[in-house]
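Asks: Here is the input, now give the coordinates:
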Amino acid sequence: MGQSGSREVSRKWLEVPAMLYGTAWKGERTSDLVVQAIMARFRGVDMAVQPRHYREDLVGDGLRKAFLQGCVTRGDIYLQTKFTWASGQDAENIPYDLKASISTQVRTSIDALLYALRSKQSNESASDLYLDCLLLHFPLPTLEEAWKAMEAYVPHKIRSLGVCNTSLLVLHVLCNVEAIQIRPTVVQNRMREDIATTLKSKEPRPSDSEEGAFWTSAMSRLYAFLGEGTQ
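Replies: Numbers count the residues shown, from 1 in each chain. Model prediction:
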């Protein structure tokens, strides 16, 4: 990983595809649709630890089906997910203990997710689990504690970190606060005018971050929101 002063920059071990397959709102069809997406040559999958909208257990099922068919291996697929705060969850279906610390909530989410995405049904395959990218979903004021918990998984279980539905101010915090050791490399934002406006700035863009469009392509290399033009 690269370094900037005393701060490390998280790096992608697998190139981010130009387009990711989004698994939100697929419900019980998630597994079959993930297989279809991979057969259609999608090489990236986007999800979130957010049962309200995502079924990551079924994403795992779909991936295992694709691996078993031999059309791809784990190393061919870029897997990206998000830790979601309680405010973004359904009260009756929160994937962690609300009474636990933010750090524990993050660890509970990540550990359960890694198990769900194991490449084989056997528990033995759990030792080889990893994610290509973990995003902090719409960061809140307690983001530093959550971010530090996420950092503990880099680089062995998580290759890189990022943020989702965020502002330029949050990026500046993550890129400049001394307590943050691993800087974000990915930004995934919805293509909405209000969010685009918050990200337009003449200030320098954090040079190691990638700006993505959520609704249409999840992680395409769009820098327009940050005034850099589209690449």
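
Asks: Would you indicate which residues of stretch 170-189 are buried?
Replies: 170-171, 173-175, 180-189 (16 or more other CB atoms under 10 Å). Bear in mind the C-beta positions are built from the backbone N, C-alpha and C, glycine included.

Asks: can you tell me which of these are in helices?
Replies: 170, 171, 173, 174, 175 (DSSP state H).

Asks: Which parts of this structure are strands?
Replies: 2-4, 7-9, 21-22, 44-46, 78-83, 133-137, 161-164, 182-183, 186-189, 210-213 (DSSP state E).

Asks: Considering the buried residues of stretch 170-189, which is situated nearest to residue 59?
Replies: residue 188 (16.7 Å; CB to CB).

Asks: I figured that closest one was touching residue 139, is that so?
Replies: No - the pair residue 188 / residue 139 is not scored as a contact, 11.9 Å apart, by CB atoms under 8 Å.

Asks: Low-confidence ranges, this protein, go.
Replies: 1-14, 122-127, 141, 191-231 (pLDDT under 70).

Asks: related to what we said a few turns ago, could I get the strands of the chain as TSV with distance to residue 148?
Replies: Compiled in TSV, those are given as follows (distance: least, CB to CB, whole Å):
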stretch	distance to residue 148
strand 2-4	18
strand 7-9	13
strand 21-22	28
strand 44-46	24
strand 78-83	12
strand 133-137	11
strand 161-164	11
strand 182-183	9
strand 186-189	18
strand 210-213	22
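
Asks: So for residue 66, which of the ones you listed sits nearest?
Replies: strand 44-46 (10.1 Å).

Asks: Show me what the closest one is packed against.
Replies: strand 21-22, strand 78-83 (3 or more CB pairs under 8 Å, 6 or more residues apart in numbering; DSSP states H and E).

Asks: Make a markdown table from these and add mean neighbour count and distance to residue 71 to it.
Replies: Formatted as a markdown table, these follow (neighbours: other CB atoms under 10 Å; distance: least, CB to CB, whole Å):
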| stretch | mean neighbour count | distance to residue 71 |
| --- | --- | --- |
| strand 21-22 | 22 | 14 |
| strand 78-83 | 26 | 16 |
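
Asks: Need those in TSV (columns: distance to residue 132).
Replies: Compiled in TSV, those are given as follows (distance: least, CB to CB, whole Å):
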stretch	distance to residue 132
strand 21-22	14
strand 78-83	5
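
Asks: Quick check: which of the ones you listed is nearest to residue 69?
Replies: That would be strand 21-22 among the helices and strands packed on strand 44-46, by CB to CB, at 16.5 Å.
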